[in-house]
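[1] I need the structure of the sequence given here:
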Amino acid sequence: MQTTSAAFFIALSLATFGISYYYFTTRHKERIAIIEKGLPADFFKGTVDFKPLILTLGIVCISITLGLVAGLFSMPTFPILGGFVIIFFIFLFTGLGLLLSYFLLKKLHKRK
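    Numbers count the residues shown, from 1 in each chain. Below you'll find the predicted structure:
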């Protein structure tokens, strides 16, 4: 039992090391190739805009909560369906939230 767990941790460590080594060497080669093509070295320090992701995640979380609340309040109306009402409303409101997020992001991109 102890030999198996030690072998597991050694294999896990080797896999982690291998994946990280491959990632960093590939990234280094890509950066060297881009610099050789003439782009400036500070090209890689670009800013990443997380606002669309945060907006989408916020709207989806709010819509899941609204779906859960709507499902719980509508359960007495549809007693035959039981718990499926909650699942239905969660998916319905999540889809509506994704659509709302899409249209808001589309509107924001038009402003820019």
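
[2] quick one, helices of this protein?
    Secondary structure of the chain by DSSP state H: the helices cover 2-36, 51-74, 84-111.

[3] closest one to Phe43 among these?
    Ranking the helices of the chain by proximity to Phe43 (CB to CB) places helix 2-36 first, at 6.6 Å. Where you see a C-beta, it was placed from the backbone N, CA and C, and this is true even at glycine.

[4] coming back round to it: same list, the helices of the chain, but as CSV with mean pLDDT and distance to Lys45 please.
    Output for those, formatted as CSV (pLDDT from 0 to 100; distance: least, CB to CB, whole Å):
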stretch, mean pLDDT, distance to Lys45
helix 2-36, 87, 11
helix 51-74, 92, 19
helix 84-111, 92, 24
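
[5] Columns mean neighbour count on top of the ones you listed, output as JSON lines?
    JSON lines is the format used below for the helices of the chain (neighbours: other CB atoms under 10 Å):
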{"stretch": "helix 2-36", "mean neighbour count": "10"}
{"stretch": "helix 51-74", "mean neighbour count": "15"}
{"stretch": "helix 84-111", "mean neighbour count": "14"}
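
[6] Mind putting those helices into JSON lines with distance to Phe43?
    Below are those laid out as JSON lines (distance: least, CB to CB, whole Å):
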{"stretch": "helix 2-36", "distance to Phe43": "7"}
{"stretch": "helix 51-74", "distance to Phe43": "22"}
{"stretch": "helix 84-111", "distance to Phe43": "23"}
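
[7] can I see the domain layout of the protein?
    Domain assignment for the chain, taken from automatic domain parsing, gives 2-44, 47-111.

[8] which residues sit in contact with Gly67?
    Residues near Gly67 by CB atoms under 8 Å, 6 or more residues apart in numbering: 86, 89-94.

[9] Go through those residues and say which is closest to Val48.
    Distances from Val48 to those, taken by CB to CB, are shortest for Thr94, at 25.6 Å.

[10] Next, the contact list for the closest one, please.
    60, 63-64, 67.

[11] do Ile90 as well
    64, 67-68, 71.

[12] repeat that with 10 Å
    63-71 (CB atoms under 10 Å, 6 or more residues apart in numbering).

[13] Repeat that for Gly82.
    Met75.
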